[in-house]
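A.B. asks: Test case, fold it:
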Amino acid sequence: MCYCLWLGSGICPPRTIPLGPLKHNGDAHIREVWKIDMGEDVKTEWYVAHYNMGERKITNLTVSDNGSKLSTLKDEWDVDASKEEKAGKCGLISKEGGYEICWGVPTLGRHVYTVDYDIEGLVLSFPDKDGFGYWFADLNEEDPIKAFSVSVKAPFSLSQDNCQVWGFGYKGTAKVVNGTTEAQSTGEIDKIGLLMSFRKGLFAPSLKGDGAFAELQAEAFKGSDFGGGSEGEPMSSGEKILMIVVGGIIAVLILIAFIYDYRLKRNARMLPYFKEVSPAWTLLTAAKVLEDYGWYKQENLFAALMLRLISKGKLSVEVGEKLDKKGRKEKVMKVVPTMVDKPFVPARSDDYLCDYLLYILAQAKDQNGIIQPDKLEQWAENNTEDIEDFYHAMDTTTVEDTMSDSERQHLLGLRNYLADFSKTGDWSITDVRVWDDIIIYSQLFGFTKKLMKELHQVCPDYANLSAFGQEVDDISIYFLIYACSDSVNGIISSYTSEAIEASLSGGGDFGGGGGGGGR
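C.D. replies: This next block holds a predicted model:
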């Protein structure tokens with residue numbers, strides 16, 4: 001676990017220093033980076049208090065000042081020692097229920113202090129979960145914290161499936177990302193507290209907590225933005241009236257949004273049919289348009305990109321050796337190029353997405369080039385940075401909508417045509433090249449499996465006339481496509497949680513920070 005803090009005047013952005021994980025027994029190594037402008041109010045030393053620690057212990061303290069390591073005293077720190085005696089030294093003061101971490105301040109001005117120490121038993125064992133609630137810093141008003149960031153690692157990859165995190169005492173966020181927990185300030189800071197829970201069985205903590213973790217959580221939530229009320233006090237009549245008024249306003253806004261969404265989709269469904277793919281479209285910009293109407297799913301873009309790779313001859317569909325439940329040989333997907341490099345220059349284009357996706361799929365091929373979804377999931381777990389980069393490139397929220405009004409209407413018209421395909425009676429498209437393009441976009445719409453069944457009736461020779469049609473004609477291939485999509489998408493969704501806004505209030509009687517600053 002590590003965190004960085006900035007105090008005093010001046011500008012210096014906080015940064016996080018990667019550090020080793022929490023230990024299996026619940027012990028934690030902490031690294032604090034303090035960036036401080038020492039003023040004349042700091043007389044001889046700086047200290048950080050850790051109170052209400054119970055059976056927890058602080059050990060192995062080291063401090064460095066601007067890169068120069070200070071001498072750690074074996075004996076208790078003497079608060080009454082002179083400035084000269086404290087210079088170049090650090091140490092601990094044992095207090096009832098806790099400690100004070102201290103170091104000498106020989107000169108004024110800017111200092112960067114790196115403080116390393118261990119907390120034995122940070123993660124506690126509870127009957128329902130393992131976890132901790134801890135105040136990492138709570139300084140006095142004369143020495144306010146300007147900004148901070150915290151990073152927590154474990155002996156395993158953290159995910160929203162095996163842990164939860166909440167921040168207290170500051171305005172900012174706390175979230176799980178890339179297998180670690182990150183908390184960061186974005187505004188006012190009173191103190192720095194984290195509440196974290198872990199699924200039972202991941203740790204074997206050496207210390208036990210009092211009661212259940214749910215009780216610790218409920219106590220922390222009291223008076224916070226996470227709910228739990230204000231120490232159990234009943235709402236006043238004015239608060240009840242305000243809640244009713246606010247609830248009514250929210251209900252009206254929801255109704256307005258529903259009506260707007262209904263009319264938007266109804267107007268789109270009334271657009272005339274369009275029966276070809278415009279060369280001006282891209283899958284990415286088309287996805288952006290669909291998102292505006294609530295008709296976009298990321299897995300459909302992923303699958304459409306795979307179909308585009310098949311149409312380009314970069315992926316092929318072949319008959320495998322294994323038999324399905326009906327005794328037929330299963331279809332498999334193969335990476336055609338023997339060497340696939342990672343695209344070097346990022347770009348918001350279909351070609352870049354296809355090249356990046358091919359690179360990812362190539363990491364999961366066996367010796368025969370056949371893609372193995374299980375192997376893909378394993379590779380994705382170990383290469384989350386690559387997976388995140390790919391999904392950021394697919395992120396439609398940052399895509400510029402470059403479609404003209406007429407092109408947008410044509411795209412929605414094609415969607416209407418494919419949605420009503422079996423009912424229209426208009427099956428006049430005979431050019432197989434047009435169908436090749438339409439099938440890729442029908443996958444973006446989420447219609448391909450249904451369309452392929454209906455296309456057999458309308459154009460039974462399509463698979464014989466089109467090389468692409470031959471490969472995508474079997475419905476089973478779409479199950480394989482979505483298996484690949486699920487393998488990759490599941491890693492991102494589990495390793496990255498939505499950032500939770502921290503609560504300036506609440507937190508309860510955590511152990512840890514109980515003051516500090518210059519003295």
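A.B. asks: counting contacts, what elements does the longest strand seen in the chain pack onto?
C.D. replies: As assigned by DSSP state E, the longest strand anywhere in the chain is strand 180-198. Packing contacts for strand 180-198, counted by 3 or more C-beta pairs under 8 Å, 6 or more residues apart in numbering; DSSP states H and E, involve strand 2-7, strand 130-137, strand 145-152, strand 163-177, helix 213-221, strand 511-518. (C-beta placed from N, C-alpha, C; glycine too.)
A.B. asks: can you pull out the strands in the stretch 301-450 of the chain?
C.D. replies: Taking DSSP state E, counting those that start in this stretch as the criterion, the stretch 301-450 of the chain contains strands spanning 315-323, 329-335.
A.B. asks: list the buried ones in the shortest one?
C.D. replies: Right, the one you point to is strand 329-335. For strand 329-335, the buried set under the neighbour-count rule, 16 or more other C-beta atoms under 10 Å, comprises E330, K331, V332, M333, K334, V335.
A.B. asks: Pipe the residues you listed into a markdown table and attach pLDDT and distance to L283 per row.
C.D. replies: Below are the buried residues of strand 329-335 laid out as a markdown table (pLDDT from 0 to 100; distance: C-beta to C-beta, whole Å):
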| residue | pLDDT | distance to L283 |
| --- | --- | --- |
| E330 | 77 | 28 |
| K331 | 78 | 23 |
| V332 | 81 | 24 |
| M333 | 84 | 19 |
| K334 | 86 | 22 |
| V335 | 87 | 20 |
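A.B. asks: just those now: which is nearest L465?
C.D. replies: K331 (19.9 Å; C-beta to C-beta).
A.B. asks: is that closest one in a bridge, and if so with what?
C.D. replies: Beta bridges link K331 to V319, judged by DSSP bridges.
A.B. asks: Any regions of the stretch 1-150 of the chain where pLDDT drops low?
C.D. replies: Within the stretch 1-150 of the chain, the segments meeting pLDDT under 70 span 1-20, 41, 139-144.
A.B. asks: Try it again at 90.
C.D. replies: Applying pLDDT under 90 to the stretch 1-150 of the chain flags residues 1-24, 28-54, 66-67, 95-98, 105-116, 134-150.
A.B. asks: Packing partners of the biggest helix by length in the chain?
C.D. replies: Identified as the longest helix of the chain according to DSSP state H is helix 237-269. The helices and strands touching helix 237-269, judged by 3+ C-beta pairs under 8 Å, 6+ apart, are helix 405-419.
A.B. asks: relative to helix 237-269, how tilted is the helix it packs on?
C.D. replies: Here helix 405-419 runs at an angle of 80 degrees relative to helix 237-269 (axes from the mean of the first three to the mean of the last three C-alpha atoms, to 10 degrees).
A.B. asks: Can you give me the buried ones in helix 405-419?
C.D. replies: Under 16+ other C-beta under 10 Å, the buried positions of helix 405-419 are E407, R408, H410, L411, L412, G413, L414, R415, N416, Y417, L418, A419.
A.B. asks: Phi first, then psi, for G97.
C.D. replies: The phi and psi torsions at G97 (degrees, to the nearest 10) take the values phi 80, psi 10.
A.B. asks: Would you check that my belief about it contacting N52 is correct?
C.D. replies: Yes. G97 is within contact range of N52, at 5.4 Å (criterion: C-beta atoms under 8 Å).
A.B. asks: Between those two, tell me which one has more neighbours.
C.D. replies: N52 (18 against 14; other C-beta atoms under 10 Å).
A.B. asks: what's that one in contact with, if anything?
C.D. replies: Listed by C-beta atoms under 8 Å, 6 or more residues apart in numbering, the contact set of N52 reads G97, G98, D509, F510, G511, G512, G514.
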